[in-house]
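**Student:** Predicted model and sequence below, questions to follow.
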Amino acid sequence: MAGRFEIHQEDEHSYKYRLVDGDGNVVAVSPRFKTVAGVVDGINAMRENAATGHVVDLRRPQPQG
């Protein structure tokens with residue numbers, strides 16, 4: 001089963017989306033948006049950036065020995 005984006009209303013004036021994998025695990029949660037149109041724009045940006053984004057490893061180097 002493919003993952004999905006779920007749109008949730010946080011309160012009367014804000015919305016968030018969650019990216020959920022095929023097993024039902026929450027993979028990412030968005031910041032709050034003031035409109036549903038903003039949420040949809042955020043989902044589209046996530047899709048675009050995830051497909052073209054680079055993986056950057058920011059861990060500290062581990063000591064040898």
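**Tutor:** Ah, there it is.
**Student:** Can you pull out the low-pLDDT segments for this protein?
**Tutor:** Applying pLDDT under 70 to the chain flags the ranges 65.
**Student:** which residues touch the spatially most central residue of it?
**Tutor:** The residue lying closest to the centre of the chain (Cα atoms, centre = their mean) is residue 28, at 3.8 Å. If a contact means Cβ atoms under 8 Å, 6 or more residues apart in numbering, then residue 28 has 18-19, 46 as its contacts. C-beta: built from backbone N, CA, C; applies to glycine.
**Student:** That one and residue 3: what is the separation?
**Tutor:** For residue 28, the distance to residue 3 under the criterion Cβ to Cβ, to the nearest Å works out to 10 Å.
**Student:** ok, back up a step: among the contacts of residue 28, which lie within helices?
**Tutor:** Among the contacts of residue 28, the members falling in helices (DSSP state H) are residue 46.
**Student:** re earlier: pretty sure the residue nearest to the centre of the chain sits in a strand.
**Tutor:** Yes - under DSSP: H, G, I helix; E, B strand; the rest coil, residue 28 falls within a strand.
**Student:** now the strands for this structure?
**Tutor:** Along the chain, the segments classed as strands by DSSP state E run 4-11, 14-20, 26-29.
**Student:** Distance to residue 57 and neighbour count for the contacts of residue 28 - can I get that in a markdown table?
**Tutor:** Below are the contacts of residue 28 laid out as a markdown table (distance: Cβ to Cβ, whole Å; neighbours: other Cβ atoms under 10 Å):
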| residue | distance to residue 57 | neighbour count |
| --- | --- | --- |
| 18 | 26 | 14 |
| 19 | 22 | 18 |
| 46 | 21 | 16 |
